[in-house]
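J.: based on what follows, work out the 3D shape:
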Amino acid sequence: MSTNLGQYAQLVAAAGTLIAVGAALIQSWRKRATWEPVEEDLPLLGQKLAGLFVSLAVATLWYRYQANLDSSADFLNAAWILAGALCCFVLLYALLMGVFVFEREIVTGNKKVSKQKIVGGFLLTPAARDSRTKHQVTIQELFRGAAYDADKVWTKFSRAIVKLLMAFSYVGVVFTGTVTLASASIAVMGGDSPTPGSDLATTLSKWNQQAEQAKKSGTIAPKTALPTGLAAARSSFETAWRLSSLDQRKQLSKEQAYKALSSVVGIYRIQESDGSSRSNAIQWADESIKYFEELQDRKWLVEALLDKAAILLDLAQLENTSKDDFLRLSSDGDALVQRASEIAGPEKAGEVLRVASRFYYNLARPKSFRLSDSWDNIYLLQAYKKAKESVAADPGDLKSANQLLRSTMKAAKNPPQDGDVIWGKNLRLAQLGMKKVWEEKGPKILGSNRLSSLNVLGTGTYEAVAREWNDMPARERKASAPALADEIATESLPLLREAETLLQNDELKKAYGFDLYYDIARAHAQRTVMLRVIDKRRAAKEFDEVVVNLGHAREGAKASQLDAAAKDIDHDISFSKLAPAERLRLTGLLRVGGG
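T.: Numbers count the residues shown, from 1 in each chain. Predicted coordinates for the structure are as follows:
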């Protein structure tokens, strides 16, 4: 016969546990039954202790179940052991009651006689022993002949020992009986409900399958509800994980466990991309870190630390307008990456160094929070150094090459590097390195995943050209102008235009729109400057492209972005070389309310 109680399992468990505790409390405070010894012979202290012990025991059982310290099988085994102990205590109590309990008669009101139970002893007094031998009477008759004076029949010590044994057996009966019922009830709940990790491996496997399918299909996006099956699989895994014990989690494949936890973190990270806390993503990232710390597994702990670092990087981006929060998040992330770098093996060195570079890059941002201002040069050079080390550790990694070019661009234009020709060469080397890796890896990258690399390489290419133009002697510029202008037209702008075509929804436009069109305008501005020494008519047409793209940038820009861009017109390496009238027109276009 099936023991599966289905939806009633929780009810049975709760009812059984409440009955157990209730029975203990009733036993603690009920009056003495007529078949039991009177209170002065066997005090109620034993009953009260039994109630206290039972309450504590049931609370402990419930805690161990909720904390998944024991399985349903453990509780069932405990119930059987306690049931056996109950039988022993019942037999002992019955034996003591049958052998050592006697009756005495007392006169109550209206000359009525009532009987009371009292506890005798196992050792008679010398006088009682002699009297019993002489008169051949029972102990009950001997007790009656002594006018029911117990001290004349039994020694005090023997009576005390019997009372102690009876109290002990009584507490044992109440304790084992009620706790047996509670253990069995909890075992029923454990056996019938999908709790305490019994299905952890199954839910983990299903979640990994669903998450992998969702990643391949690209259906997960901010402000978009998860597919029903995916949401259900994640919820089931989260519940099973929370209700499982560490021992149960240790039975899992480490790789599959990391994959499942990382998928939970990653999907929450996407879902919460508009929020300021990423609370669920951080919670599960911390859970993953804690788990692999418990396992003392260096490889997957590094991965878990990097997952959380990625969340902190998200939170420390420009949309986070609180300077204090920005610095706190950047510092926390830096500490997290430092920890990862201390335990990472050679195979993860490149990734850890790259993430470290990103955090130093964030820490270098101007305290004014206006990107057109000078950056903290110490942090910026540290970001460049870590990015170079990252590329050296993994020369073929696209993300590392991307970060190196990105940090080199910013370092090259920050004082005092902006006047050092060495940094022009550093910029070109970083651009060529990124170009080489992109030509190899780029064709394999699809959709919006191409955006960052397209933007950075496209921007890095025209900035390398602009820096070479700026650093070369004026007499050499006319001869170099055609080739450099052509490089922007054939290598930089096609990448930026491809990135433009990928801005297919509002979220991508919000994230990349202003920066992308602003960079396209800068590329055309640099071409305008170079074409002017060759053909002023072509230069004028090129400037029209500057105006058009700066207008596109203005459409979705924040007031703070427009203000920073307007101030940058007279300082940017490309815009600043335009004619005064051209710069004035662009400044007016960027001013809030301008046209």
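
J.: so how far is Glu487 from Ala464?
T.: Going from Ala464 to Glu487 by C-beta to C-beta, to the nearest Å gives 9 Å. Where C-beta positions appear, they are placed from N, C-alpha and C, glycine not excepted.

J.: so if I had to pick from these two, which one is more boxed in?
T.: Neighbour count, other C-beta atoms under 10 Å: between Ala464 and Glu487, Ala464 has more, with 28 against 18.

J.: buried residues in the helix or strand containing the more buried one?
T.: Assigned by DSSP states H and E, Ala464 belongs to helix 451-471. In terms of neighbour count (16 or more other C-beta atoms under 10 Å), helix 451-471 has its buried residues at 451-470.

J.: ditto for stretch 543-556
T.: By neighbour count on 16+ other C-beta under 10 Å, the buried set for stretch 543-556 is Phe543, Glu545, Val546, Asn549, Leu550, His552, Ala553, Arg554.

J.: check stretch 525-534 too.
T.: Across stretch 525-534, burial judged by 16+ other C-beta under 10 Å covers Ala525, Gln526, Arg527, Thr528, Val529, Met530, Leu531, Arg532, Val533.

J.: one more: stretch 468-482?
T.: Under the neighbour-count criterion of 16+ other C-beta under 10 Å, stretch 468-482 has Glu468, Trp469, Asn470, Arg477, Ala481 buried.

J.: check contacts around the nearest residue to the last one once chain neighbours are set aside.
T.: Nearest in space to Ala481, with sequence neighbours left out and distances taken as C-beta to C-beta, 6 or more residues apart in numbering, is Met530 at 4.3 Å. With contact taken as C-beta atoms under 8 Å, 6 or more residues apart in numbering, Met530 is in contact with Trp469, Arg477, Ala481, Leu484, Ala485.

J.: change it to 7 Å
T.: By C-beta atoms under 7 Å, 6 or more residues apart in numbering, the residues touching Met530 are Trp469, Ala481, Leu484, Ala485.

J.: among those residues, which pair sits farthest apart?
T.: Using C-beta to C-beta, the two most remote members of the contacts of Met530 are Trp469 and Ala485, lying 9.4 Å apart.

J.: using PDB, write out every CA atom in stretch 530-540.
T.: In PDB, the C-alpha atoms belonging to stretch 530-540 read as follows (Å, rounded to 0.1, in the frame of the first residue of the first chain):
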ATOM      1  CA  MET A 530      42.900  65.600 -43.000                       C
ATOM      2  CA  LEU A 531      40.900  66.100 -46.200                       C
ATOM      3  CA  ARG A 532      41.200  69.800 -45.800                       C
ATOM      4  CA  VAL A 533      44.900  69.700 -46.700                       C
ATOM      5  CA  ILE A 534      44.000  67.800 -49.800                       C
ATOM      6  CA  ASP A 535      40.600  69.000 -51.000                       C
ATOM      7  CA  LYS A 536      38.500  71.600 -49.100                       C
ATOM      8  CA  ARG A 537      35.300  70.700 -51.000                       C
ATOM      9  CA  ARG A 538      35.600  67.100 -49.900                       C
ATOM     10  CA  ALA A 539      36.300  68.300 -46.400                       C
ATOM     11  CA  ALA A 540      33.100  70.400 -46.300                       C
END
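
J.: helices or strands up against the helix or strand where Gln213 lies?
T.: Counting by DSSP H and E, the element that carries Gln213 is helix 200-217. When contacts are defined as 3 or more C-beta pairs under 7 Å, 6 or more residues apart in numbering; DSSP states H and E, helix 200-217 packs onto helix 228-243, helix 254-271.

J.: need the winner for burial among those.
T.: Scoring the helices and strands packed on helix 200-217 by mean neighbour count under mean count of other C-beta atoms under 10 Å gives helix 254-271 as the most buried, with a mean of 20.

J.: rounded mean pLDDT for that one, please.
T.: Average pLDDT, helix 254-271: 92.

J.: contacts made by it with the rest, please.
T.: Residues outside helix 254-271 that contact it (C-beta under 7 Å, 6+ apart) are 204, 207-208, 211, 220-222, 234, 237-238, 249, 278, 280-281, 284-285, 287-288, 295, 297, 300, 303-304, 307, 311, 314.

J.: before we move on, back to that, next secondary structure element downstream of the helix holding Ala464?
T.: Moving toward the C-terminus from helix 451-471, the first helix or strand encountered (DSSP H and E) is helix 474-487.

J.: just the residues contacting that next one, thanks.
T.: Helix 474-487 is contacted from outside by Thr461, Val465, Glu468, Trp469, Met472, Arg527, Met530, Leu531, Val533, Ile534, using C-beta under 7 Å, 6+ apart.

J.: from Ile488, how far out is the last one?
T.: Distance check for Ile534 against Ile488: by C-beta to C-beta, it reads 13 Å.

J.: with the first one instead?
T.: Counting by C-beta to C-beta, the separation of Thr461 from Ile488 is 7 Å.

J.: burial check on Val99, number of neighbours?
T.: A total of 12 residues lie near Val99 under the criterion other C-beta under 10 Å.

J.: same question but for Ile186, I mixed them up
T.: Other residues lying near Ile186 total 29 when counted by other C-beta under 10 Å.

J.: can you tell me the element it falls in?
T.: According to DSSP H and E, Ile186 maps onto helix 156-192.

J.: run the chain-centre distance for that helix.
T.: Relative to the chain's own centre, helix 156-192 is displaced by 43 Å; criterion: C-alpha atoms, centre = their mean, to the nearest Å.

J.: with stretch 334-350 instead?
T.: Averaging C-alpha positions (C-alpha atoms, centre = their mean) puts stretch 334-350 19 Å from its chain's average.

J.: what comes up buried for that stretch?
T.: Result for stretch 334-350 [16+ other C-beta under 10 Å]: buried residues Asp334, Leu336, Val337, Arg339, Ala340, Ser341, Ala344, Lys348, Ala349, Gly350.

J.: what's the closest of these to Arg365?
T.: Asp334 (13.2 Å).

J.: which elements pack onto the helix or strand that closest one falls within?
T.: Using DSSP H and E, Asp334 sits in helix 323-343. Secondary-structure packing of helix 323-343 (3+ C-beta pairs under 7 Å, 6+ apart): helix 298-315, helix 346-363.

J.: and the contacts of that helix?
T.: Residues from elsewhere that reach helix 323-343 (C-beta under 7 Å, 6+ apart): 298, 301-302, 305-306, 308-309, 312-313, 315-316, 320, 352, 355-356, 359, 362-363, 369.

J.: please, a PyMOL command that selects the buried ones among the residues you listed?
T.: Buried residues among the contacts of helix 323-343 (16+ other C-beta under 10 Å), as a PyMOL selection:
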select buried, resi 301+302+305+306+308+309+312+313+315+316+352+355+356+359+362+363
